[in-house]
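Engineer: Need coordinates for the following:
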Amino acid sequence: MKSFRKTLTQHTPGRVAFVNLTPEVEAAVRESGIREGLCLVNAMHITASVFINDDESGLHQDYAAWLERLAPHDPSPAAYRHNRTGEDNGDAHLKRQVMGREVVVAVTEGRLDFGPWEQIFYGEFDGRRDKRVLVKIIGE
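Structural biologist: Presented below is the predicted three-dimensional model:
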């Protein structure tokens, strides 16, 4: 079995953003030479997420609004106990927990084996600095 590892760097200008990683992950699958296997895509930061869904801007706006209702951004120490540590991103940790850490997609005949409309997204909840996404592909 072969193994391939690549990291992608994300840097969003705003605090919250959704970035379609599908083209970069597809390129990594091609680069790996693996024809049959599995592809893991993992947000390597505890205030970011990787998830699969539709590439539709209204849905992304709905996600942002829904997450903000669930865990409103408030940097004050009174809002989140985590903010008492000197951080101001307690909400970002909660948003990441809801949206998930990683996805695994089958690789079939050298391509990501998606269902209709599926795409891989990076969700950022405390942006404005470089963050890494791990792509790990295993198979033959």
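Engineer: Kindly list the longest helix within this structure.
Structural biologist: helix 57-70 (DSSP state H).
Engineer: how far does that one sit from the chain's center?
Structural biologist: Here helix 57-70 shows a centroid-to-chain-centroid distance of 15 Å under the convention C-alpha atoms, centre = their mean, to the nearest Å.
Engineer: after that helix, next one along is what?
Structural biologist: Toward the C-terminus, helix 57-70 is succeeded by helix 90-99 as the next helix or strand (DSSP states H and E).
Engineer: Show the average pLDDT along that following helix.
Structural biologist: The pLDDT scores in helix 90-99 average 98.
Engineer: what pairs with whichever helix or strand comes after that helix, and is each one parallel or antiparallel?
Structural biologist: Next in sequence after helix 90-99, counting helices and strands by DSSP H and E, comes strand 102-108. Using DSSP bridges, the strands paired with strand 102-108 are strand 37-43 (antiparallel), strand 111-112 (antiparallel).
Engineer: Against residue 63, how distant is residue 85?
Structural biologist: As for residue 85, its distance to residue 63 is 27 Å (criterion: C-beta to C-beta, to the nearest Å). (Glycine included, C-beta is placed from N, CA and C.)
Engineer: More neighbours: these two, which one.
Structural biologist: Each of residue 85 and residue 63 has its neighbours counted (other C-beta atoms under 10 Å); residue 63 has more, 20 against 10.
Engineer: Contact partners for that one?
Structural biologist: Residue 63 makes contact with 18, 99, 123, according to C-beta atoms under 8 Å, 6 or more residues apart in numbering.
Engineer: Skip the chain neighbours and tell me the closest residue to the first one.
Structural biologist: In space, residue 18 comes closest to residue 60 once its chain neighbours are excluded; the distance is 4.6 Å by C-beta to C-beta, 6 or more residues apart in numbering.
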